[in-house]
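A.B. asks: okay, structure incoming, though there's no sequence with it:
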């Protein structure tokens, strides 16, 4: 009898902890932002905002863009950013993970560093932006 009560109590505690973790650490959203980079013989720029355009740079060059992440939630969010695609390894982020206060925002700088051996042409990738409730 004692053993059954102990097992039942353990299951109940695990259930409560699971519910609390799910409630407070649940993923609230996943978004993607396309990235585009043109490797050319000169520098160029693109100010459009429908995706993250790094514009044109020579091989071995450097180009930067800044974007803002903003929360519309009444609780803190943990935002993680993953780089994917052809240019993912060439991109450095100032903040790959940031905690936003309720209704807060943060600027993130993305810098593309194509290698000196990159061939001329168009390259693409995307950022995967994952937001979840911040536990603290």
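C.D. replies: Okay, I see it. Keep in mind that this is a model prediction, so the values were computed, not measured.
A.B. asks: from the opening residue of stretch 47-61 to its closing one, how far?
C.D. replies: In stretch 47-61, first residue to last residue: 19 Å (CA to CA, to the nearest Å).
A.B. asks: can you give me the distance of residue 124 to residue 68?
C.D. replies: 22 Å (CB to CB, to the nearest Å). Just so you know, the C-beta spots here come from the backbone N, C-alpha and C atoms, and that holds for glycine as well.
A.B. asks: how about residue 54?
C.D. replies: 17 Å.
A.B. asks: which stretches of this protein form strands?
C.D. replies: 27-39, 52-57, 63-70, 77-85, 91-93, 97-100, 105-112, 121-133 (DSSP state E).
A.B. asks: partner strands of the fourth one, with direction?
C.D. replies: If I follow you right, that is strand 77-85. Under the criterion DSSP bridges, strand 77-85 sits next to strand 97-100 (antiparallel), strand 121-133 (antiparallel) in its sheet.
A.B. asks: the shortest one now?
C.D. replies: Using DSSP bridges, the strands paired with strand 91-93 in its sheet are strand 105-112 (antiparallel).
A.B. asks: residues contacting residue 81?
C.D. replies: By CB atoms under 8 Å, 6 or more residues apart in numbering, the contact set of residue 81 is 93, 95, 96, 97, 108, 127, 128, 129, 130.
A.B. asks: low-confidence bits of this protein, can you list those?
C.D. replies: Per-residue confidence for the chain (pLDDT under 70) gives these ranges: 1, 19-25, 135-136.
A.B. asks: tell me the spacing between the spatially most central residue of it and residue 40.
C.D. replies: Most central in the chain under CA atoms, centre = their mean is residue 81, positioned 1.4 Å from the mean C-alpha point. Residue 81 sits 27 Å away from residue 40, going by CB to CB.
A.B. asks: same thing with residue 85?
C.D. replies: 19 Å.
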